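Visitor: kindly return the folded structure for what I paste below:
(one chain, ligands or ions: 1)
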Amino acid sequence: MPETGAIVVESFGGPDKLRWVQRQLPEPGPAEVLVRHTAVGLNFIDTYHRSGLYPLELPAGLGTEAAGVVEAVGAAVGGLAPGDRVAYVCLPPGAYAERRVLPVDRLVKLPEAIGDEVAAAAMLKGLTAWYLLHRSYRLQAGDPVLVHAAAGGVGLILCQWARALGARVIGVVGTPEKGELARRHGCDETVLSSDPDLVSRVRDLSGGGVAAVYDSVGQATFFQSLDCLRRHGTMVTYGNASGPVEPFSPMELARRGSLFLTRPVLFDFIATPESLADASGALFAALAAGHTSIAIHQRWPLRQAATAHRELEARRTVGASVLLP
Ligand SMILES: NC(=O)c1ccc[n+]([C@@H]2O[C@H](COP(=O)([O-])OP(=O)(O)OC[C@H]3O[C@@H](n4cnc5c(N)ncnc54)[C@H](OP(=O)(O)O)[C@@H]3O)[C@@H](O)[C@H]2O)c1
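Guide: Residues are numbered from 1 along each chain as shown. Take a look at the predicted model:
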């Protein structure tokens with residue numbers, strides 16, 4: 001029977017709740033594949049699973065995206081064989097592990113040009129950038145848009161891609177250094193999140209308000225983001241880095257100019273094997289064409305996932321990070 005080392009959470013809380021355990025894995029079932037991970041993506045959602053903001057049945061694994069090599073396949077699996085390079089994003093969490101048994105219909109075979117670390121960072125963050133720009137709000141060339149956490153994991157991928165689609169991209173960042181990085185990755189302009197005049201600056205830079213806001217910060221920025229939109233603008237609130245948005249009256253949308261609001265989740269855009277293939281095909285094509293790119297800015301050994309969580313939550317990371325088994 002295959003074995004793996006893995007990070008588990010036995011009770012919700014801070015990074016100190018992460019435990020390294022050794023356990024046995026089942027042989028893959030008929031439609032399953034045993035994958036040896038080569039790189040695991042670090043994501044903010046992992047901190048929500050760890051803290052209990054997104055509750056899991058405990059004990060639970062952590063991590064939703066990874067890349068690796070197929071070690072064994074179930075009897076009914078076609079199209080994949082031992083030695084193939086694959087990547088995935090899926091629930092329930094469990095990617096913080098050396099090996100894992102996965103359903104074959106969640107795996108994407110990797111093109112040669114996409115390295116393992118990039119793939120491990122691309123499946124959640126890159127596919128999120130894809131649906132935000134092509135589904136949640138269908139970006140048009142010339143649209144001014146506002147991107148929060150522009151120098152973050154999703155942020156850098158999103159800003160480059162939005163720029164390639166012809167948008168005028170205004171990024172919100174925590175520090176001047178992050179602003180510089182974001183401007184090298186697709187932002188036409190950046191504003192500091194601490195700027196007391198953020199709303200008027202964004203309205204000036206966009207000629208009266210942006211067409212869409214991509215807001216992953218949540219509670220702390222929600223109403224400020226609505227104030228940055230032009231009439232009929234679209235608010236895409238897709239994360240909770242500062243905490244979840246509190247309940248509010250729909251009149252808040254009416255009095256700011258008949259705004260649209262969506263609160264999307266990646267998994268609804270890749271729920272079927274066909275939609276996953278379409279989305280990952282579009283992402284790999286965008287990477288190959290240079291419309292966006294993914295660089296790994298931080299690496300930690302998988303066993304040091306707690307350190308990685310501390311750095312991510314303290315806003316000390318930029319771009320994508322991976323954990324290495
Ligand atoms: N709904 C979906 O489908 C989906 C999918 C993927 C990711 N997400 C969301 O997208 C966001 C970005 O994820 P990521 O993994 O790429 O993380 P990230 O953007 O690399 O890290 C979070 C960033 O948010 C900013 N931030 C602002 N206020 C913060 C606060 N109070 N605490 C911590 N950070 C704060 C920080 O940037 P500054 O220092 O520059 O402010 C920080 O670096 C997360 O909220 C995640 O949940 C949602």
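Visitor: when you work out contacts or count neighbours from here on, use the C-alpha atoms and nothing else.
Guide: OK.
Visitor: show me the shaky parts of this protein.
Guide: Applying pLDDT under 70 to the chain flags no residue at all.
Visitor: close to the ligand: what parts of it are there?
Guide: Neighbours of the ligand within the chain, by C-alpha under 6 Å from any ligand atom: 43-45, 124-125, 128, 149, 151-155, 173-174, 216-217, 238-242, 264-266, 312-315, 317-319.
Visitor: among these, which are in helices?
Guide: Mapping the residues of the chain next to the ligand onto helices (DSSP state H) picks out Phe44, Ile45, Leu124, Lys125, Thr128, Gly153, Val154, Gly155, Leu312, Glu313.
Visitor: list the contacts of the most centrally placed residue in the chain.
Guide: Centroid-nearest residue in the chain, with C-alpha atoms, centre = their mean: Lys125, separated by 2.9 Å. Going by C-alpha atoms under 8 Å, 6 or more residues apart in numbering, Lys125 touches Asn43, Gly153, Val154, Ile157.
Visitor: the first one - how many residues pack around it?
Guide: With neighbours defined by other C-alpha atoms under 10 Å, the count for Asn43 comes to 22.
Visitor: could you check how far it is from Leu165?
Guide: Note on Asn43: its distance to Leu165, by C-alpha to C-alpha, to the nearest Å, is 25 Å.
Visitor: ranges for the helices of this protein?
Guide: Assigned by DSSP H, the chain shows helices spanning 44-51, 116-131, 153-164, 176-183, 198-205, 222-227, 251-254, 273-289, 305-313.
Visitor: name the helices or strands packed onto the first one?
Guide: When you say that, I think you mean helix 44-51. Contact partners of helix 44-51 among helices and strands, from 3 or more C-alpha pairs under 8 Å, 6 or more residues apart in numbering; DSSP states H and E: helix 305-313.
Visitor: any buried residues in the helix it packs on, and which?
Guide: Under the neighbour-count criterion of 16 or more other C-alpha atoms under 10 Å, helix 305-313 has Ala305, Ala306, Ala308, His309, Arg310, Leu312 buried.
Visitor: now, among those, which is nearest to the ligand?
Guide: Leu312 (5.9 Å; C-alpha to the nearest ligand atom).
Visitor: list the contacts for the closest one?
Guide: For Leu312, the contacting residues are Phe44, by C-alpha under 8 Å, 6+ apart.
Visitor: just to revisit the earlier point, now distance to Ala182 too, for the contacts of Lys125, in a markdown table please.
Guide: As requested, the contacts of Lys125 are exported to a markdown table (distance: C-alpha to C-alpha, whole Å):
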| residue | distance to Ala182 |
| --- | --- |
| Asn43 | 19 |
| Gly153 | 11 |
| Val154 | 12 |
| Ile157 | 10 |
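Visitor: of those residues, which is the most crowded?
Guide: Busiest of those [other C-alpha under 10 Å] is Ile157, holding 30 neighbours.
Visitor: that one: what's it in contact with?
Guide: Listed by C-alpha under 8 Å, 6+ apart, the contact partners of Ile157 are Lys125, Gly126, Ala129, His185, Thr292, Ser293, Ile294.
Visitor: most neighbours out of those residues, which is it?
Guide: Gly126 leads those on contacts (other C-alpha under 10 Å) with 30 neighbours.
Visitor: my read is that that one contacts Leu283, right?
Guide: Yes - the criterion here is C-alpha atoms under 8 Å, and Gly126 meets it with Leu283 at 6.7 Å.
Visitor: one step back: give me the buried entries from the residues of the chain next to the ligand.
Guide: With burial judged by 16+ other C-alpha under 10 Å, the buried subset of these is 43-45, 124-125, 128, 149, 151-155, 173-174, 216-217, 238-241, 264, 266, 312, 317-319.
Visitor: can you pull out the strands in the stretch 51-200 of the chain?
Guide: Using DSSP state E, counting those that start in this stretch, the strands of the stretch 51-200 of the chain run over 60-61, 65-73, 85-89, 99-103, 108-109, 144-147, 168-173, 189-192.
Visitor: elements contacting the longest one?
Guide: Spelled out, that is strand 65-73. Packed against strand 65-73 by the contact rule (3+ C-alpha pairs under 8 Å, 6+ apart) you find strand 32-41, strand 85-89, helix 116-131.
Visitor: give me the contacts around it.
Guide: Under the contact criterion C-alpha under 8 Å, 6+ apart, strand 65-73 has outside partners 28, 30-42, 80-90, 95, 116-117, 119-121, 123-124.
Visitor: ok, stretch 21-38 next?
Guide: With C-alpha under 8 Å, 6+ apart as the test, stretch 21-38 has contacts from 1-8, 66-77, 97-104, 116-117, 324-325.
Visitor: against Val154, how distant is Arg310?
Guide: Going from Arg310 to Val154 by C-alpha to C-alpha gives 18 Å.
Visitor: Ala277 against Lys109, yeah?
Guide: No - checked against C-alpha under 8 Å, the pair Ala277 and Lys109 is beyond contact range at 9.8 Å.
Visitor: care to break the protein down by domain?
Guide: Domain assignment for the chain, taken from automatic domain parsing, gives 3-123+267-324, 141-263.
Visitor: now do the longest one: distance to the chain's middle.
Guide: This points to domain 3-123+267-324. Relative to its chain's centre, domain 3-123+267-324 lies at 11 Å (C-alpha atoms, centre = their mean, to the nearest Å).
Visitor: cool, thanks, signing off.
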